[in-house]
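Asker: mind looking at a prediction? Sequence and model below.
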Amino acid sequence: MSKKEMLKLFEDRKVRTVWDDETEKWYFSIVDVVAVLNDSDYQTARKYWKVLKGRLKKEGYELVTNCYQLKMVSPIDGKRYNTDVADTEQLFRIIQSVPSPKAEPFKQWMAQVAAERLDQLQDPELSIEQAVADYRRLGYSESWINQRGQSCPHPVRVATRPLRCHLPQRPKLFQEYRTERLTAD
């Protein structure tokens, strides 16, 4: 299993991460994310995660029952220890459980994205428009987007008018993670 360890910064705070080539996922140190959300030091964040983990376990949340651990370098003594980690989806669930002003933008963004997705399920045209808007945002040319639309089982003609992006602005941490992930690939 090939893994790449990296440090990511969020508001000048370090978050230990590992890219796993096998699963093609980023894994984040949960304690580091909790420290950022609660604006606390490492030891306080560890204690907070222990309490939160117990609460989530009582709620029956499977992440804490089958918590994934990876060896990461400790910020305290520089030695490698098994550290609770979460992928992006699991991390969003943990963020939802943290009562912190810093977590609120994520919670609001997730609620907006969920509402947009439900709208797209009701009207598939919105999904097509969103895909086109995403390709444009990522810098693909109109001809590439049209060619992509033509190669689908049900070809669609891409409108030449600019489409508005249906997704709300992402919180800063997600933008930094996405940007760094794209450059790391």
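Answerer: Cool, the structure landed. Residues are numbered from 1 along each chain as shown.

Asker: tell me the phi and psi of the closest residue to residue 80 other than its chain neighbours?
Answerer: Nearest residue to residue 80, sequence neighbours excluded (Cβ to Cβ, 6 or more residues apart in numbering): residue 71, at 4.5 Å. For glycine as for every other residue, the C-beta is placed from the backbone atoms N, C-alpha and C. Note on residue 71: backbone dihedrals following degrees, to the nearest 10 are phi -80, psi 130.

Asker: report the rounded mean pLDDT for stretch 119-132.
Answerer: Mean pLDDT, stretch 119-132: 84.

Asker: how about the contacts made by the residue nearest to residue 80?
Answerer: 80-83 (Cβ atoms under 8 Å, 6 or more residues apart in numbering).

Asker: who does it bridge with?
Answerer: residue 82 (DSSP bridges).

Asker: where does pLDDT dip in the chain?
Answerer: The chain contains residues with pLDDT under 70 at 1-11, 63-66, 110, 151-185.

Asker: can you rerun that using 50?
Answerer: Counting by pLDDT under 50, the chain shows low-confidence ranges at 1-2, 155-156, 158-185.

Asker: any idea how far residue 106 is from the residue nearest the centre of it?
Answerer: Residue closest to the average C-alpha location in the chain (Cα atoms, centre = their mean): residue 88, at 3.9 Å. Per Cβ to Cβ, to the nearest Å, residue 88 is found 11 Å from residue 106.

Asker: ok, now residue 53?
Answerer: Noted for residue 53: a distance of 19 Å to residue 106, by Cβ to Cβ.

Asker: then residue 80?
Answerer: 29 Å.

Asker: where along this structure do the helices fall?
Answerer: Here the chain has its helices, by DSSP state H, at 30-38, 42-59, 62-65, 88-97, 104-122, 124-137, 142-150, 172-184.

Asker: can I get those in TSV with distance to residue 22?
Answerer: Converted to TSV, the helices of the chain look like this (distance: least, Cβ to Cβ, whole Å):
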stretch	distance to residue 22
helix 30-38	20
helix 42-59	25
helix 62-65	19
helix 88-97	16
helix 104-122	27
helix 124-137	26
helix 142-150	28
helix 172-184	16
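
Asker: tell me which of those helices lies nearest to residue 23.
Answerer: Among the helices of the chain, the nearest to residue 23 by Cβ to Cβ is helix 88-97 (11.5 Å).

Asker: return the distance of that closest one from the chain's centre.
Answerer: Chain-centre distance of helix 88-97: 8 Å, with Cα atoms, centre = their mean, to the nearest Å.

Asker: what's the answer for stretch 48-65, then?
Answerer: Here stretch 48-65 shows a centroid-to-chain-centroid distance of 20 Å under the convention Cα atoms, centre = their mean.
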